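sequence first, then the predicted structure:
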Amino acid sequence: DTGVSQNPRHKITKRGQNVTFRCDPISEHNRLYWYRQTLGQGPEFLTYFQNEAQLEKSRLLSDRFSAERPKGSFSTLEIQRTEQGDSAMYLCASSQGQGARLDTEAFFGQGTRLTVV
Amino acid sequence: GESVGLHLPTLSVQEGDNSIINCAYSNSASDYFIWYKQESGKGPQFIIDIRSNMDKRQGQRVTVLLNKTVKHLSLQIAATQPGDSAVYFCAENLADYKLSFGAGTTVTVRA
């Protein structure tokens, strides 16, 4: 499978615990995005990387959230001290581009469904 | 086929009929639009895209129409099949790297 890969697919954690998700983008894509989707809603933008540089973070991304893309390939999203409101599907997408715009379509992974109990 | 003039959260369509899913976008400066299909428990799947210098684009069994005057986007699915049952989202590119998604339309195909 050469698409966007996310692990794990499902994560159940207790409130207060830390969790980390991984995203492997399509190999030739230099852009990587994280989105969050709650039940019945469309995905909401969280953050964006071009190569290893994190260029934008949404106000939705509180200081408990941190994302990295250390070598410009895979990315991790960590949530510290999880809260029940963090329960959602976390989606990763990737695309290829050089300009200041979304040049080509963004392809999404299958997502990581987080449940905080 | 069945059509929806305004955005509705659900659409029920008879197998074999044509479907039309509507979407109103928010920003007149948006110039790139994508339709995604999302099945239960899965991530959004790219269907078709269109740039603002076009008003129509066709793919396999799908057509996207763009009306910039009224900021309206539609997705037409020809000969709807059971496998087309899903939630459909339109997304607009807001002059940067982000996609802003609409509310989604749940399409149910009746056998």
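Perfect, thanks for sending it. Numbers count the residues shown, from 1 in each chain, chains lettered A, B, ... in the order given.

check contacts around the residue in chain B positioned nearest to chain A.
Using C-beta to the nearest C-beta, the closest approach of chain B to chain A is made by B:Phe101 at 3.0 Å. Quick note: C-beta positions are derived from backbone N, CA and C, even for glycine. Contacts for B:Phe101 (C-beta atoms under 8 Å, 6 or more residues apart in numbering or on different chains) come out as A:Gly42, A:Pro43, A:Glu44, B:Tyr36, B:Phe89, B:Cys90, B:Ala91.

direction included, what does the helix-or-strand element of chain B with minimal mean pLDDT pair against?
Taking mean pLDDT, DSSP states H and E as the measure, chain B has strand B:99-101 as its least confident helix or strand, at a mean of 90. Strand pairing for strand B:99-101, using DSSP bridges, gives strand B:86-93 (antiparallel).

hang on, the earlier thing: excluding chain neighbours, what is closest to the residue of chain B closest to chain A?
A:Gly42 (3.0 Å; C-beta to C-beta, 6 or more residues apart in numbering or on different chains).

so which residues of chain A form strands?
Secondary structure of chain A (DSSP state E): strands located at A:5-7, A:10-13, A:19-24, A:31-37, A:44-50, A:53-57, A:65-68, A:75-79, A:88-95, A:107-108, A:112-116.

so what's the residue count around the residue lying closest to B:Leu11 once chain neighbours are set aside?
Nearest residue to B:Leu11 in three dimensions, chain neighbours excluded: B:Val107, at 4.9 Å (C-beta to C-beta, 6+ apart). Close neighbours of B:Val107, defined as other C-beta atoms under 10 Å in any protein chain shown, add up to 21.

can you give me the buried ones in stretch A:83-99?
For stretch A:83-99, burial by neighbour count (16 or more other C-beta atoms under 10 Å in any protein chain shown) applies to A:Asp86, A:Ser87, A:Ala88, A:Met89, A:Tyr90, A:Leu91, A:Cys92, A:Ala93, A:Ser94, A:Ser95.

same deal with stretch A:64-81?
Buried residues in stretch A:64-81 (16+ other C-beta under 10 Å): A:Phe65, A:Ala67, A:Arg69, A:Phe74, A:Ser75, A:Leu77, A:Ile79.

do the same with stretch B:48-60
So stretch B:48-60, judged by 16+ other C-beta under 10 Å, has buried residues B:Ile48, B:Asp49, B:Ile50.

what's the answer for stretch A:11-23, then?
A:Lys11, A:Thr13, A:Val19, A:Phe21, A:Cys23.

I'd like the secondary structure assignment at the residue nearest in space to the middle of chain B, please.
For chain B, B:Leu75 is the residue whose C-alpha lies nearest the centre (C-alpha atoms, centre = their mean; 4.1 Å). What DSSP: H, G, I helix; E, B strand; the rest coil gives for B:Leu75 is strand.
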